[in-house]
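Engineer: Everything below, folded, please.
(chains A and B)
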Number of protein chains: 2
Amino acid sequence: MNLDNIRIVLVNTSHPGNIGGVARAMKNMGLSRLYLVAPRQYPDEQAEWRAASAMDILENAVVAETLEEAIGDCQFVVGTSARNRRIPWPLQNPRQCAQRMAQASSAEQVAVLFGREDRGLTNEELKVCNLHLNIPTSEAYSSLNLAMAVQIVCYELQMLSSPAGLPTGEDEEWDTPFSTRENMERFYVHLEQALTDIEFLDPVAPRQLMSRLRRLYGRVRLDEMELNILRGILTETQKWVDKARQKAD
Amino acid sequence: MNLDNIRIVLVNTSHPGNIGGVARAMKNMGLSRLYLVAPRQYPDEQAEWRAASAMDILENAVVAETLEEAIGDCQFVVGTSARNRRIPWPLQNPRQCAQRMAQASSAEQVAVLFGREDRGLTNEELKVCNLHLNIPTSEAYSSLNLAMAVQIVCYELQMLSSPAGLPTGEDEEWDTPFSTRENMERFYVHLEQALTDIEFLDPVAPRQLMSRLRRLYGRVRLDEMELNILRGILTETQKWVDKARQKAD
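Structural biologist: Residues are numbered from 1 along each chain as shown, chains lettered A, B, ... in the order given. Down below sits the predicted model:
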């Protein structure tokens, strides 16, 4: 996958603010190549303002007069489209499309076309595309803002470009090792003893108390520091019980 | 999955235009419940303009003075966060988070918090969250526009709402309701008091103790019965401290 081989092409955009929003959305997600086909009002202050720290994307944007000029050298062209087209076309969601684009981008020039704010791409424009991309929306309101649509597509590409797909691995970034089974068992013994000491647990009728606490702490996966804190609390509690009992003697 | 049980909470938003953009992003993706915590400038024309056909979302938005007011009745709270936090927290990408939220939303109230345009959520605000959400970005420019961030999260929820998208939920099989934010806060107050009573916590030098315990219990999501058990243990412990102190008098 090579994000530098993927260009975003805005066709006949009306509002310069949207162009700026697109530039920012692209840079946030690691894309850099913006093509503007016959923008209605550009360059413009609003574009610069919405671009924020993505001014470099705007400065390097290619302004073209025709769509052919913008995508002539591309091997793989994706067009964004609403659902209700008369002629059915291979229609994929952004996730599926991002995978296809990522594959193609290793060796080919890839373009994603976004149409006018009010009418999208024309049927003529959609016909030059290899694939149509549809962003799923609520039926109650399906008209996405242009920059938002670009953001979603670029986000799907970024999701693919982080190593191993998903960053997740909450475990790897944790600051303390998770506790071992042995230490967890020692903790449960200590917990049961302390609960007995404070007379919260009746050994004769323990009911489900320890089961519930095991489920709780087993679910969370304690790290070693947390385990030490909890055991410290138990030890401190037991001292107070001893103190109260000694006084009673 | 029930999108009506998922609310978007914007904390201390500066630019009313962003509030409008968020409303539109939500409606496009089938979400409807917007909460505004202490917005700087609202209501405002710019919000209405950017909301386009999502005026109903703005009209029904709940304006709250504090975060607690906005999420007090929620059982599952997600906070959006940059990567570099001092105490790591379970950090998931929007796709993983959306699955957790979708599962929880069948029976619970879910909130997703988005912070200030310039500084995000404070550490205090992040501490009330069960899960932290991080949107992957390019390292070169990681600061997403607020409405864009909301768009991505709502998009992931919409992707799940198409049939067959949703994995089965652990929550549905749980035997007891999960606790609300309000009850969790009461528990933390009680916990802090009890730890002070047993002199495990020094109010003068509390260090990171309560943060670590909040992280622990926030991560596990306590159910109401577990919460009652833990509070019962605290109450019992406090009685022994009283007993020991009375004897000392």
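
Engineer: per-residue confidence at residue A:171?
Structural biologist: Residue A:171 carries a pLDDT value of 52.

Engineer: residues contacting residue A:31?
Structural biologist: Contact partners of residue A:31, counting by CB atoms under 8 Å, 6 or more residues apart in numbering or on different chains, are A:3, A:6, A:8, A:154, A:157. To be clear about C-beta, it is placed using only N, CA and C from the backbone, and glycine gets the same treatment.

Engineer: try it again with 6 Å
Structural biologist: A:3, A:154 (CB atoms under 6 Å, 6 or more residues apart in numbering or on different chains).

Engineer: Okay, it and residue A:102: tell me how far apart.
Structural biologist: 12 Å (CB to CB, to the nearest Å).

Engineer: Pull up the overlap in contacts between these two.
Structural biologist: In terms of CB under 6 Å, 6+ apart, residue A:31 and residue A:102 are not both contacted by any residue.

Engineer: and residue A:214, helix, strand or coil?
Structural biologist: helix (DSSP: H, G, I helix; E, B strand; the rest coil).

Engineer: What are the neighbouring residues in contact with whichever residue of chain A sits closest to chain B?
Structural biologist: Residue of chain A nearest chain B, by CB to the nearest CB: residue A:247 (3.1 Å). Neighbouring residues of residue A:247 by CB under 6 Å, 6+ apart: residue B:247.

Engineer: do residue A:135 as well
Structural biologist: Contact analysis of residue A:135 by CB under 6 Å, 6+ apart lists A:94, A:149, A:152.

Engineer: switch to 10 Å and redo it
Structural biologist: By CB atoms under 10 Å, 6 or more residues apart in numbering or on different chains, the contact set of residue A:135 is A:80-83, A:93-94, A:97, A:142, A:144, A:148-149, A:152-153, A:156, B:28-29, B:155, B:158-159.

Engineer: buried subset of those residues?
Structural biologist: If you count burial by 16 or more other CB atoms under 10 Å in any protein chain shown, the buried members of the contacts of residue A:135 come out as A:80-82, A:94, A:97, A:144, A:148-149, A:152-153, A:156, B:28-29, B:155, B:158-159.

Engineer: Just name the lowest-scoring one in these, pLDDT-wise.
Structural biologist: For the buried ones among the contacts of residue A:135, the least confident entry is residue A:82, with 79.

Engineer: Give me the nearest residue to it, chain neighbours excluded.
Structural biologist: Spatial nearest neighbour of residue A:82, chain neighbours left out: residue A:120 (6.0 Å); criterion: CB to CB, 6 or more residues apart in numbering or on different chains.

Engineer: residues of the helix ranked longest in chain A that come out buried?
Structural biologist: The longest helix of chain A (DSSP state H) is helix A:224-248. For helix A:224-248, the neighbour count (16+ other CB under 10 Å) marks A:226-227, A:229-231, A:233-234, A:236-238, A:240-241, A:243-244 as buried.

Engineer: just the residues you listed now: which is nearest residue B:128?
Structural biologist: Proximity of the buried residues of helix A:224-248 to residue B:128 (CB to CB) peaks at residue A:226, which lies at 18.4 Å.
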